[in-house]
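1. I would like to see how this sequence folds:
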Amino acid sequence: MVKKMRKFSFLIYHNDYDMFLQDLRDLGLIHVAQQEKEVEYNDELEGYISQLKKLQESRKILEKTISDDKGETPTNAADIDLGYKIPLKIQEIQERIATLNQQLQVSSKELESLEPWGNFETETVKNLKLAGYNIDFFSTQKSAYNPEWETLYNAILINEANRYYFVTVTKLDNVAEELGLESLKLPDVSYNDLSNLIDSIKTKRNKEEEKLKALSADIPSLDAAIADVESKISLKNVVLNTNRVADDKLMMMQGWAPAENEAKIVSYLHEKEAYYEVADPTPEDDVPIKLNNNKFFKLFEPITKLYMLPKYNELDLTPYFAPFFMLFFGLSLGDIGYGLFLFIAATATKVLKKSSMGDSFKSVLTLVQVLGVSAFFTGFLTGGFFGIQLYELDIPIAKKIGDRFFFDNDMMFNLALILGGIQVIFGMIIKVFNRAIQFGFMYGVSTIGWIVLLLSLIISTLLPNILPMGGTIHLIILGVSAVAIFLFNSPGKNVFLNFGLGLWDTYNMATGLLGDILSYVRLFALGLSGGILAMVFTDLAKGMSPDNVILGPLVTILIFVIGHGINIFMNTLGAIVHPMRLTFVEFFKNSEFTGGGQKYQPFT
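-> Numbering: from 1, shown residues only. Below you'll find the predicted structure:
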């Protein structure tokens, strides 16, 4: 559900404006309304935003160093001033690391070029040159090497691995031309010296990386700086969304707060002697949204927010799709063991990580527990337990449960279609209430006509003794439905336009309704495919086990764990995505959910 909101309008004398904003921030309950007109570009605000991006990017870098480091990372006390300096420190360290990486890359290539020649003293080469000898380095294919070069040019073979590497010691200046080869240019440093240089560069780089890791202890300072900048951005946005009137002598602004907090806000404003007015929202107002659901339905609010928040004057569909989503997840996963595994894994995580767990992560784990329970109980419809068909085992209690609850493939297929029809019609009922709330009851009459028509056809098909198809009572119901559909489609417009729109609505209903209901077949398909894969992995674990007392059980366990681990991951992913798709497309469409509400964010 959506919490009721109240609109607050403030009028502040310009000399008291800064103090009033501080009071409003201390109160922490007012969501400042955005101006309808476009806010002009502001250098100061852009500077804060740029600074915030740098701080957030710095935090990501430090978080990565923590994730790469397996040990415990100590933390220092928060210091805002230090937090602001951290991005520059990180930049300086990264620049030094980049320089060292570049030096390492160049030195590694030079070392690679010296590899075939081994270690030699460059001083010896220089002394020979001073004595009038030219030392030339060559490389050639083995087939192209001429042993006579050893006599003619004092060629000395250095390496004969893949190619021939040799040097010539002569007083000639054109040895390369006479040999028909290109002389190689080698670094003016020995192999050993270059290796030592590379080790030195790596040591320096490691020291810089350690400095970067050490900065991760100051993440609390970085968080403090981020919070401070976000506060400045929030304050600046409030200032920019304040109207100046009476030659800039008066500042006028609007805000929103939950109706339940009105008394507290009014009492606070009286103490500060501020001028204000309180009013209910009008249909034209862009009211911020704060959802108000009980503990169970609150678990499903992230799914609603993933799509979009409702508008202020429409229903929050979270409580209405939550039971369906839970059931659809269970049918899609379709295995007793998988549901039990999710529940145990989520419960164990909550117990082991209790001290370090945030509220948001805890709610996610609670949702996993709920979905695991759903998968556990819906799994009894097919009887699958990690690919083992419980109802085929020679266990009396399993057979009794199977006799009562087992659904074969045809029954599961029909169940998926029935659930689809129920959710679609339920969505149409919600559409009636949504229209009545937003526009008035008359705008929901046409949809009521469709609901009555569809229900009458279903009852006539399933219970012909109660309501015969085409009987007098049924024809009366169809006639009343037709009047609602074709004459109340668009209240306030003429009959012919209503009739035309009714025909168009009939075409859309005839083509769309069947497609919407058939979309729910995916629930059956997902459960079936997941169950088949579970059986395959279980059979593989048993069939591929070698006839060995030690290796046999190990191979069985390995195949079982890896196979079912993959299947649980893929099936769980599908069991989340596809029910979410049915919710966002089929259910939201038939409920005529538009959404687009902005989140309630009080000025703090």
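2. How many residues are close by the closest residue to Leu419 other than its chain neighbours?
-> In this structure, Leu419 finds its nearest non-sequential neighbour in Tyr520, 6.1 Å apart by C-beta to C-beta, 6 or more residues apart in numbering. Quick note: C-beta positions are derived from backbone N, CA and C, even for glycine. By other C-beta atoms under 10 Å, 24 other residues sit near Tyr520.
3. same deal with Leu88?
-> Other residues within reach of Leu88 by the criterion other C-beta under 10 Å amount to 11.
4. any idea which helix or strand comes after the helix or strand containing it?
-> Element membership for Leu88, per DSSP states H and E: helix 80-114. Using DSSP H and E, the helix or strand that follows helix 80-114 in sequence is helix 122-130.
5. what is the mean pLDDT for that next one?
-> Here helix 122-130 scores 83 as its mean pLDDT.
6. List the buried residues in the helix or strand following it.
-> Using DSSP H and E, the helix or strand that follows helix 122-130 in sequence is strand 134-140. Buried residues in strand 134-140, counted by 16 or more other C-beta atoms under 10 Å: Asn134, Ile135, Asp136, Phe137, Phe138, Ser139, Thr140.
7. which of those lies closest to Ile430?
-> Ser139 (79.8 Å; C-beta to C-beta).
8. Hmm, Phe413 and the residue nearest to Leu419 touching each other?
-> No. If you go by C-beta atoms under 8 Å, Tyr520 and Phe413 don't touch, sitting 10.1 Å apart.
9. Please determine how far Ile577 is located from Leu526.
-> Heads up, residue 577 is Val, not Ile. Taking C-beta to C-beta, to the nearest Å as the criterion, Val577 is separated from Leu526 by 10 Å.
10. How is this protein partitioned into domains?
-> If you go by automatic domain parsing, the domain ranges for the chain are 1-39+249-290, 120-189, 295-411+520-590, 439-515.
11. So for Gln105, which of these sits nearest?
-> Nearest of these (C-beta to C-beta): domain 120-189, 14.0 Å.
12. and the closest one, how far apart are its ends?
-> In domain 120-189, first residue to last residue: 9 Å (C-alpha to C-alpha, to the nearest Å).
13. likewise stretch 388-399?
-> For stretch 388-399, by C-alpha to C-alpha, the gap between its terminal residues amounts to 14 Å.
14. Enumerate every residue touching Ser591.
-> Counting by C-beta atoms under 8 Å, 6 or more residues apart in numbering, Ser591 touches Leu315, Leu317, Tyr320, Gly427, Met428, Ile430, Lys431, Asn434.
15. how does it look with 6 Å?
-> Gly427, Ile430, Lys431 (C-beta atoms under 6 Å, 6 or more residues apart in numbering).
16. The first one touches Val585, doesn't it?
-> No. Counting by C-beta atoms under 6 Å, Gly427 stays clear of Val585, with 10.8 Å between them.
17. which of those two has more neighbours?
-> Neighbour comparison, Gly427 and Val585: the larger count goes to Gly427, with 24 against 12 (by other C-beta under 10 Å).
18. Secondary structure element holding that one?
-> Using DSSP H and E, Gly427 sits within helix 409-438.
19. helices or strands up against that helix?
-> helix 445-462, helix 495-518, helix 521-543, helix 588-590 (3 or more C-beta pairs under 6 Å, 6 or more residues apart in numbering; DSSP states H and E).
20. contacting residues around stretch 446-458?
-> Met428, Lys431, Val432, Ile477, Ser481, Ala484, Ile485, Phe488, Asn489.
21. Pull that stretch out as CSV, backbone CA atoms only.
-> Output of stretch 446-458 as CSV, limited to C-alpha atoms (Å, rounded to 0.1, in the frame of the first residue of the first chain):
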residue,chain,number,x,y,z
SER,A,446,-16.7,-1.7,-19.0
THR,A,447,-14.1,-3.9,-17.3
ILE,A,448,-16.8,-5.2,-14.9
GLY,A,449,-18.7,-6.2,-18.1
TRP,A,450,-15.7,-8.2,-19.3
ILE,A,451,-15.2,-9.9,-16.0
VAL,A,452,-18.8,-11.0,-15.8
LEU,A,453,-18.7,-12.2,-19.4
LEU,A,454,-15.6,-14.3,-18.8
LEU,A,455,-16.8,-15.7,-15.5
SER,A,456,-20.2,-16.7,-17.0
LEU,A,457,-18.4,-18.5,-19.9
ILE,A,458,-16.2,-20.4,-17.4
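22. ok, and for it, which residues are buried?
-> Within stretch 446-458, the residues scored as buried using 16+ other C-beta under 10 Å are Ser446, Thr447, Ile448, Gly449, Trp450, Ile451, Val452, Leu453, Leu454, Ser456, Leu457.
23. pull the helix or strand with minimum mean pLDDT from the chain.
-> strand 243-245 (a mean of 70; mean pLDDT, DSSP states H and E).
24. between the buried residues of strand 134-140, which is closest to Lys64?
-> Comparing these against Lys64 with C-beta to C-beta places Ser139 closest, at 42.9 Å.
25. isn't that closest one right next to Arg163, touching?
-> Yes. Contact criterion C-beta under 6 Å: Ser139 and Arg163 qualify, at 5.4 Å.
26. ok, back up a step: export the buried residues of strand 134-140 to CSV and tack on distance to Thr282 and pLDDT?
-> Formatted as CSV, the buried residues of strand 134-140 follow (distance: C-beta to C-beta, whole Å; pLDDT from 0 to 100):
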residue, distance to Thr282, pLDDT
Asn134, 95, 88
Ile135, 92, 88
Asp136, 91, 89
Phe137, 87, 90
Phe138, 89, 90
Ser139, 85, 90
Thr140, 89, 90
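27. Need the residues you listed in CSV (columns: distance to Thr461).
-> As requested, those are arranged in CSV below (distance: C-beta to C-beta, whole Å):
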residue, distance to Thr461
Asn134, 103
Ile135, 100
Asp136, 97
Phe137, 93
Phe138, 93
Ser139, 87
Thr140, 90
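28. between the residues you listed, which is closest to Ser545?
-> For these, the closest approach to Ser545 (C-beta to C-beta) belongs to Ser139, at 55.8 Å.
29. quick one, phi/psi of Ile265?
-> phi -70, psi -50 (degrees, to the nearest 10).
30. Ok, the one 10 residues further on next?
-> Recorded main-chain torsions at Tyr275 are phi -90, psi 130, according to degrees, to the nearest 10.
31. swap in the one 5 residues further on?
-> According to degrees, to the nearest 10, the main-chain angles of Asp280 amount to phi -80, psi 160.
32. quick revisit: tell me which residues in the next helix-or-strand element following the least confident helix or strand of the chain are buried?
-> Where DSSP H and E defines the elements, the next helix or strand beyond strand 243-245 is strand 250-258. Using 16+ other C-beta under 10 Å as the test for burial, strand 250-258 gives Met251, Met253, Gln254, Gly255, Trp256, Ala257, Pro258.
33. Export only the CA atoms of strand 250-258, formatted as PDB.
-> The C-alpha coordinates for strand 250-258 follow below in PDB (Å, rounded to 0.1, in the frame of the first residue of the first chain):
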ATOM      1  CA  LEU A 250      11.100  35.900   0.600                       C
ATOM      2  CA  MET A 251      11.900  32.300  -0.200                       C
ATOM      3  CA  MET A 252       9.000  29.900  -1.000                       C
ATOM      4  CA  MET A 253       9.300  26.100  -1.200                       C
ATOM      5  CA  GLN A 254       7.200  23.100  -1.000                       C
ATOM      6  CA  GLY A 255       7.700  19.600   0.500                       C
ATOM      7  CA  TRP A 256       6.000  16.400   1.300                       C
ATOM      8  CA  ALA A 257       5.800  14.200   4.300                       C
ATOM      9  CA  PRO A 258       3.800  11.100   5.400                       C
END
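34. Regarding Glu277, what is its secondary structure?
-> Here Glu277 is recorded as strand under DSSP: H, G, I helix; E, B strand; the rest coil.
35. so how many other residues sit close to it?
-> So Glu277, with other C-beta under 10 Å, has 10 neighbours.
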